[in-house]
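Enquirer: This is the structure alone, sequence omitted:
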């Protein structure tokens, strides 16, 4: 195995993190993250214990492929209990989904989430909403994301808000996403104090 392996799906962290839905994945310039073990990853980031165990030692794509999941590593590393980016709480859920439904089904759903996120970023980001949209794309059910975009478009038309109104469009979409999140009992913001 090569010294610096490249995973097949860098949009999915071996620990279950949705790297393809992270703001750093959509950052332009040298601070852009290529995803878990993606191209040039090891020149930008130190490895982590999950990559060492899963990818380098076991030659696996994701921890869900390991017979030892769930392993103590998730508890000792904080698992999904703590991370400055709240989407970390979906890691164990993602791994269980992959174990039960397979990688192909997960990637299919993740690709749809990425597609919806890219619509939000392209059409509704005024330069300050990227993290919010990334959190929403990760935590909300896909149907809620689709319905949010549709409801927002309907409101824009009904209120005759122009497509070039970069201030009002994000405000409306964020309100709609927050409404859907409230129904699901999900909070769409970074943790306080971080």
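Expert: Looks like it came in fine. Predicted model, so just to flag it, every value in this text is computed and none were measured.
Enquirer: first vs last residue of stretch 160-175, how far apart are they?
Expert: Distance between the boundary residues of stretch 160-175 (C-alpha to C-alpha, to the nearest Å) amounts to 17 Å.
Enquirer: For it, buried residues please.
Expert: For stretch 160-175, burial by neighbour count (16 or more other C-beta atoms under 10 Å) applies to 161, 169, 170, 172, 173, 174. For glycine as for every other residue, the C-beta is placed from the backbone atoms N, C-alpha and C.
Enquirer: quick one: which of these sit in helices?
Expert: Counted as lying in helices by DSSP state H, out of these, are 169, 170, 172, 173, 174.
Enquirer: export the buried residues of stretch 160-175 to TSV and tack on distance to residue 150 and pLDDT?
Expert: Shown next, in TSV, are the buried residues of stretch 160-175 (distance: C-beta to C-beta, whole Å; pLDDT from 0 to 100):
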residue	distance to residue 150	pLDDT
161	15	90
169	14	94
170	16	94
172	12	95
173	11	96
174	15	95
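Enquirer: From the ones in helices among the buried residues of stretch 160-175, pick the one nearest residue 43.
Expert: Nearest to residue 43 out of these is residue 170 (C-beta to C-beta; 34.1 Å).
Enquirer: Would you mind measuring from that closest one to residue 153?
Expert: Separation of residue 170 from residue 153 (C-beta to C-beta, to the nearest Å) stands at 13 Å.
Enquirer: got it, and residue 182?
Expert: Residue 182 sits 20 Å away from residue 153 when distances are taken as C-beta to C-beta.
Enquirer: and what of residue 120?
Expert: In terms of C-beta to C-beta, residue 120 sits 12 Å off from residue 153.
Enquirer: who touches both of the two?
Expert: Shared contacts of residue 120 and residue 153 (C-beta atoms under 8 Å, 6 or more residues apart in numbering): none.
Enquirer: Looking at those two, which one has more neighbours?
Expert: residue 120 (24 against 16; other C-beta atoms under 10 Å).
Enquirer: In contact with the residue lying closest to that one once chain neighbours are set aside, which residues?
Expert: Excluding the flanking residues, the one nearest residue 120 by C-beta to C-beta, 6 or more residues apart in numbering is residue 133, at 4.2 Å. Residue 133 sits next to 117, 120, 121, 124, 125, 177 when contact means C-beta under 8 Å, 6+ apart.
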